[in-house]
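K.L.:
Predicted structure and sequence below. I'll ask about it afterward.
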Amino acid sequence: MNIKTDYPRISNLPKEHLRELWLVSSDEDFDQLINNSNGKEIARVFSVLDEVSLRRFFSVAKPATIEKVFSTIPPRNINKYLFMLSNENIKKIFSALSPDTQGVVLKSV
């Protein structure tokens, strides 16, 4: 499977296959897929990932992808994701966020 050509948009993938996509994708490919998605699509993927998967994603995600995630997902979802992450993940996230996005995240906590 080539994640870039088979599923260029997460919205094209049935929800029951989202977790499977995460499991078979390389970290680089998944990072690219998330970076090319909108907030609704990102929230859709994260809704099927467990705590361990979210921690793994944020431990390998590039700063630009982290910024994309937290600047586009619905603010009501931010708390849910932060509570599942480790302290190391949270430190990495805040160091990757722009001041504006940090403000959005802090307001939602």
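P.N.:
Looks like it arrived, so ask away.
K.L.:
Contact partners for the most centrally placed residue in the chain?
P.N.:
With distances taken as C-alpha atoms, centre = their mean, the residue of the chain nearest its centroid is residue 69 (5.2 Å). Residues in contact with residue 69 (C-beta atoms under 8 Å, 6 or more residues apart in numbering) are 34, 42, 61. Glycine gets a C-beta too; all of them are placed from N, C-alpha and C.
K.L.:
buried sites along the strand or helix carrying it?
P.N.:
Using DSSP states H and E, the element containing residue 69 is helix 63-72. For helix 63-72, the neighbour count (16 or more other C-beta atoms under 10 Å) marks 65-70, 72 as buried.
K.L.:
do stretch 29-37 as well
P.N.:
Within stretch 29-37, the residues that qualify as buried are 29-35, 37, counting by 16+ other C-beta under 10 Å.
K.L.:
which stretches of the protein have low pLDDT?
P.N.:
Per-residue confidence for the chain (pLDDT under 70) gives these ranges: 1-11.
K.L.:
ranges for the helices of it?
P.N.:
For the chain, the helices defined by DSSP state H cover 3-6, 18-24, 27-35, 39-46, 51-60, 63-72, 75-83, 87-96, 99-108.
K.L.:
Quick check: the nearest residue to residue 61 once chain neighbours are set aside vs residue 63, distance?
P.N.:
Excluding the flanking residues, the one nearest residue 61 by C-beta to C-beta, 6 or more residues apart in numbering is residue 31, at 5.6 Å. Note on residue 31: its distance to residue 63, by C-beta to C-beta, to the nearest Å, is 11 Å.
K.L.:
and for these two, which residues touch both?
P.N.:
With contacts taken as C-beta under 8 Å, 6+ apart, residue 31 and residue 63 have no neighbour in common.
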